[in-house]
Each structure stands twice: as structure tokens, then as C-alpha cells.
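A.B. asks: here's my sequence, what's the structure:
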Amino acid sequence: MANILIVDDEAKILRLLDLQLGQEGHSTSTAATAELGLRLLQQQPVDLILTDLRLPGMDGLEFLQAAKRLQPGVPVVVMTAHGTVETAVEAMKAGASDYLLKPFGFDELRLVIDKELDVRGLRQENQNLREALRERYDYPNIVGRGPKMREVLALVERIAPTQTTVLIGGESGVGKDLIARALHQHSRRASGPFVKINSTAIPENLLESELFGYEKGAFTGATTTKPGKFELADHGTLFLDEIGDVPLGIQVKLLRVLQEREFERLGGTKTLKVDVRLIAATNRNLRTALEEGTFREDLYYRLNVVPIDLPPLRAHKEDIPELAAFFVAKFARESGKPVRRLTATAIAKLIAFDWPGNVREMENIIERAVALSDGAELDGPDIRLDLSPAKRPPPGGALLPDGWTLEKWEQEVIRDALRRAQGNKSQAARLLGLSRNAFRYRLSAMGEDPGEDG
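C.D. replies: Below you'll find the predicted structure:
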């Protein structure tokens, strides 16, 4: 049963609709003018509005638009004795859900009302499901309530249930591994294995055997058969970090696995089938690697189906207080220290820093501060930032301003080029002697919008 507002300047119709809908079990309120109807809407929410199009003073279309502003989700059914196609189209454009031509029977009215209430119920149910999904997609180890991180997490929520290959980009220390784990944990593969391999942490001559495994006798020291990471990740997720450093020879095999879901172990002849979702990550500009010939173009497009670019910490400093509090609680719990909070001075010091090492650097600094603390709070002097790289003058004299890093200097040059080009990205790229793609990548790494010129 619903709360229905009826607006009509004919007293007889108001009384009749009020009586009939009341007998159906609905709660009704009536208004002879649009102005009175708006006052009633300001006083209480309704589930449906029935309104005539021809009203004294403010007409029905104006009332409909004003009602939608007051209660955006409410369905509005318009009633008119001047039923033309143009009138109906005009009403629907203004936001009406349906219309009835006078005179109409009560059975017809009941059908329209029931339909609109059913649709409203479905929309509410859909909203409840979305809220339940938001609660389900909780990321306890990922801190970020600012707009940039919310965009990232919204994308994770959308693509996690799919089988799509994902390429995560961003500077070192931004948390690419956490995003990869979130994609796995909220996918249909969550009950399967999550296997991580960092290509830079393994010597080049061993990387192939680590990924694809080897047969007994494949090389000196191969005394047994060993499965590779792809086999271990079967029916799960393989996270390949620093994909940009994988040698070209191994890139060919990776491409085959992505295309055909099969490979052979090193020294073997038997073709093995696997069901693995690959998530790759890099802190390099793979576009530049393509131009340099160090990365295969066909593999790049296979990997880059859905790119997720994580912003550097300096691009979402609004998340620093919550991140710092998260790390304080974590390390206080692990170390048994009594630290519970940071002072405003300590937080201000963290926000003022540029964080070239991003979240990982902050984590290390907070861990050190908690380990050396002996009180319940961390103050400014407890936060010992590593400023030595910026203070150390380069050989032959200072090439950078005191306290600046090369990265910060490059960003300022890019911003200056944009100012000179009056915001035109293509022109700014030409001023710097960069390709448009290289310039857009640098903008993205800075946390700026890399989109095309408008």
C-alpha cells in the first residue's frame, strides 16, 4: 500500500479518486492546485503522484518538474482530457512515468498505479542490493576515501567478478599488489590460489623456469620435475609484478598462455592447459618500451584490456591522515606499543611531504616512529622524514633547487608547459619534445587528467 498525492482542480474527481484509492488500502492526500501540492510534498514523502496537466496557476508540467526536484525518485502519472501525442511526449520528457486520458476507468487507473509502484519497488530493491554490494566490496587493507582512490575502487568493484586481464600501472610503492589481491578476493576465483611473482626479483635466466616450470634434466641441477607459477595458479590468479622487465623471449610465451591457455615446461614436450587470470603490474611506461622495442606490442594489447592507474600519494594527500592512522594502529598492535594517535603537527608534517616513495615510504616511516615511541601519541619530531636525497648536491654543483627531487622538477616543467600552451596538451607535448602518448602518461603519473584536448 502506498502514500499517493492527487492534484486536480476538479473537486468531484479529487473526491472520487480519494475514495476509490482509500478503499484499495492506499493513504491519499489531495490538492486542488499545484502550489498546494508542492507544500504537501515538502511536508512528507510520497510513493506516487497523480496530477492533472491543466491546473490553475502553475500548470501540471511545471508542477511535475518542481515535484521531481523535491522528491527525485517519485513516479508521476499525469491525467489529461487533452490527450494528444504531443502532450504525452511533453509530459514524458518532463519526467512523467505514465499518463491517463480522461475519462478513464478505475481498473485502468489501478493497473497504471500497480505498475508504477512495482517499478518503484524494484528500483528500491536494486538500490538495496547495490548498498549490500558496497558492504561486500570492503577493502580493509586499502585506505582511500578521496575521489581518486574511490574511482580506483569503483573500477575494481566492476571488473573483479569478470575474467578480464588487468594491467595495473603506477609508481613504486603505490600499492599495486593490494589492488591485485582485491581483484582476486572479490572474483569468482577467490577460493583458488593467488600466486605472485616479481620479475625483477628473479634472475633473467631463471624467470622462464619459475613461470612455466621445468622437467627433470632440463638443465644442470634439474634433478626433479618442478611446476611453474602458472600451474600453481590454476583456477586462480597469477599476479605478475614489473611486467615491463620481462625479457622478449619470455614475452612470446606469455602471449601464448594468454591467447591459448597452454604452454610447455622448460625441457618438456607435453602441452599443459591452465585456467588462470593474469593480473600484471608495472611502474614503467610501456608505451615508451614499445617505441624502444623492448616490449611486444601484441602482448601489450593483450595485457592492457582494462588498465588501472594508481595515483601517487602526493596526488591524493587528502587520504594521508587516514593512512597514517591505519599504520599507527597496525604497528602499535604488532609491537605492543601504547601509541594511539598522531598530533595535528605530525599530520601536517606528513601532508607537507612529497612522498617520492609513496605509501610504502609512509608505512616505513610510521613503523619507525612507532618503534621508537614511548608515549600515547606521535608528534612532529617523532616523524623523521628522509630528506637526504634532496639535500645531497649532485656532482659539479647544484642542478636542482634545494629540497627538490628530479621528479618534482619534471612535474613543474610539465605544468609550466601546460601554462604556456594555455592547457592544450598537444601543444605542451610539442614544447617539451615529447610524443602525445608520452606526455599523457606523465600527466597520468602526476595524478592529472591525461584526456584528450577538448
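A.B. asks: touching stretch 52-59 from outside, list them.
C.D. replies: If you take CB atoms under 8 Å, 6 or more residues apart in numbering as the criterion, stretch 52-59 is touched by 7-10, 13, 33-35, 60-61, 63, 66, 78-82, 87, 91. C-betas here are computed from N, CA, C, even on glycine.
A.B. asks: now the buried members of these.
C.D. replies: Buried by 16 or more other CB atoms under 10 Å: 7-9, 13, 33-34, 60-61, 63, 78-80, 87, 91, out of the contacts of stretch 52-59.
A.B. asks: now intersect those with the helices, please.
C.D. replies: Ile13, Ala34, Gly60, Leu61, Phe63, Thr87, Ala91 (DSSP state H).
A.B. asks: right, and the last one touches Tyr99 too?
C.D. replies: Think Ala91. Yes. Taking CB atoms under 8 Å as the definition, Ala91 is a contact partner of Tyr99 at 5.6 Å.
A.B. asks: what touches both of these two?
C.D. replies: With CB under 8 Å, 6+ apart, Ala91 and Tyr99 have common neighbours Val78, Thr80.
A.B. asks: do you know how far the closest residue to Thr294 other than its chain neighbours is from Val306?
C.D. replies: Nearest non-adjacent residue to Thr294, counting by CB to CB, 6 or more residues apart in numbering: Leu248, 7.1 Å away. To Val306, Leu248 is 24 Å away according to CB to CB, to the nearest Å.
A.B. asks: distance from the chain centre to stretch 263-275, please.
C.D. replies: Going by CA atoms, centre = their mean, to the nearest Å, the spacing between the C-alpha centre of stretch 263-275 and its chain's C-alpha centre is 36 Å.
A.B. asks: okay, domains of this structure per the record?
C.D. replies: Per automatic domain parsing, the structural domains of the chain span 3-131, 147-309, 313-386, 396-445.
A.B. asks: so which of those domains comes closest to Asn141?
C.D. replies: Nearest to Asn141 among the domains of the chain is domain 147-309 (5.7 Å), distances taken as CB to CB.
A.B. asks: first-to-last residue distance for the closest one?
C.D. replies: Length of domain 147-309, first residue to last, CA to CA, to the nearest Å: 14 Å.
A.B. asks: go on, stretch 203-223?
C.D. replies: Span of stretch 203-223 from end to end, CA to CA: 20 Å.
A.B. asks: same thing with stretch 278-297?
C.D. replies: Termini of stretch 278-297 sit 17 Å apart (CA to CA).
A.B. asks: show residues contacting it.
C.D. replies: 165-172, 176-177, 180, 183-184, 237-245, 248, 251-252, 254-255, 257-258, 300, 303-304, 435, 437-438, 441.
A.B. asks: which of those residues fall within helices?
C.D. replies: 176-177, 180, 183-184, 248, 251-252, 254-255, 257-258, 300, 303, 437-438, 441.
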